[in-house]
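> below: sequence and its predicted model.
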Amino acid sequence: MKKTAAASAAPTAAAVFLVQDYRLDFTLDSGQAFRWRRHGEAWEGAVGGRWVRLQAGPQRLEASTAAPVPGWDWLADYLQVEARLGAILDSFPTDDLMRRAIAACRGLRLLRQDPWECLASFLLSSTKQIVQIRQMVELLCRRYGDPLAVPPGTEPMNAFPTAARLAACSEKELRECKLGFRAPYLRETARWVAEHDEAFGHLAELPLAQAREQLVQFPGVGEKIAECVLLFAFGMSAAFPIDVWIARGLGCHYFPGRRVSACRLREFAAGYFGPHAGYAQQYLFHYLRTQS
DNA sequence: GTCCAGGAGCCAT
DNA sequence: ATGGCTCATGGA
């Protein structure tokens, strides 16, 4: 996609991504990322250690940063502006539920997130509502994330804390960020990631099954959270997180009147939703959470 | 007050 | 393999 940098005397930089079928609001507020905040028509967040403001226009996304940047590939990658959504939607099954989800959520995209931030964030997600996950993440960032440069008059923003920084926290300090029983899990996982920086960085290059096998080794990370990381950070679009919403939705629509085990649901999903099963999953999740 | 949340770990069947 | 229990905390 085309992008035009327009940095000048202003202390900020801006770019435009030309896109079709890109619903920024669905994408940033569908429970795949937890730090984006809406300010009127714009969204503010942090990507790749930079403060970013995004705004949707007609067939375009407008982006700005607080300081000049050498290029925009990092943001194009995060936003996945080059993903061919039409082909992805065409690969979905065409049952009634999927048709309704597509009609309601068209333009929803999967982001390509930082693996550590994604793993840590979803590690905190167990038996928490999205609003509460956002709160825990916000507290962690405010206390343990490095401050980012922001434009004058803008709310302060910190980077997501590094694994090393969180590994250095006491369990008590983490509990003070309202993590509850998740505190020791995050601490231990952060410690491993900090000590095996390079190995962690290479997980995304493994085949899906091997990457999954590695992820579930972390304390507090089971099947569901592992699938989230595979899908939202590693770009493995066949990964299929099954949370309570998806389990209910699948059971209700594809196995009416029967009780189906989690194992059976996984089996069904793996065979039914096609090569972009995880993408379909996100459409279902957003649809079920907002429309019913 | 009660129920439940983008679960995981542990133990008893 | 499967089912129940517990974990901590706050919204609805």
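Good, I have the coordinates.
> residues contacting residue A:31?
Counting by CB atoms under 8 Å, 6 or more residues apart in numbering, residue A:31 makes contact with A:130, A:285-286, A:289. Backbone N, C-alpha and C define where each C-beta goes, glycine included.
> can you list the residues of the stretch 101-250 of chain A near DNA strand C?
Within the stretch 101-250 of chain A, the positions adjacent to DNA strand C are A:127-129, A:131-132, A:135, A:175, A:178, A:180-181 by CB under 7 Å from any atom of the strand.
> overlap between the residues you listed and the residues near DNA strand B?
Contacts with DNA strand B within these, as defined by CB under 7 Å from any atom of the strand: A:127-129, A:131-132, A:181.
> between these, which sits nearest DNA strand B?
In terms of CB to the nearest atom of the strand, no member of those lies closer to DNA strand B than residue A:129, at 3.0 Å.
> TSV please, covering the contacts of residue A:31 and showing pLDDT, neighbour count and distance to DNA strand B.
Shown next, in TSV, are these (pLDDT from 0 to 100; neighbours: other CB atoms under 10 Å; distance: CB to the nearest atom of the strand, whole Å):
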residue	pLDDT	neighbour count	distance to DNA strand B
A:130	97	14	4
A:285	97	22	4
A:286	97	22	7
A:289	96	15	7
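> next step: these restricted to helices.
A:130, A:285-286, A:289 (DSSP state H).
> now the ones next to DNA strand B among the residues of the stretch 101-250 of chain A next to DNA strand C in a markdown table, with neighbour count and pLDDT?
What follows is those, written out as a markdown table (neighbours: other CB atoms under 10 Å; pLDDT from 0 to 100):
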| residue | neighbour count | pLDDT |
| --- | --- | --- |
| A:127 | 9 | 97 |
| A:128 | 16 | 97 |
| A:129 | 10 | 96 |
| A:131 | 8 | 97 |
| A:132 | 14 | 97 |
| A:181 | 10 | 98 |
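> taking those together, which two end up most distant?
The span of those, defined through CB to CB, is set by A:131 and A:181 at 18.9 Å.
> filter the residues of the stretch 101-250 of chain A next to DNA strand C down to the ones in strands?
The strands, defined by DSSP state E, take in nothing from these.
> nearest to DNA strand C, of these?
Of all those, residue A:180 has the smallest distance to DNA strand C: 2.4 Å, by CB to the nearest atom of the strand.
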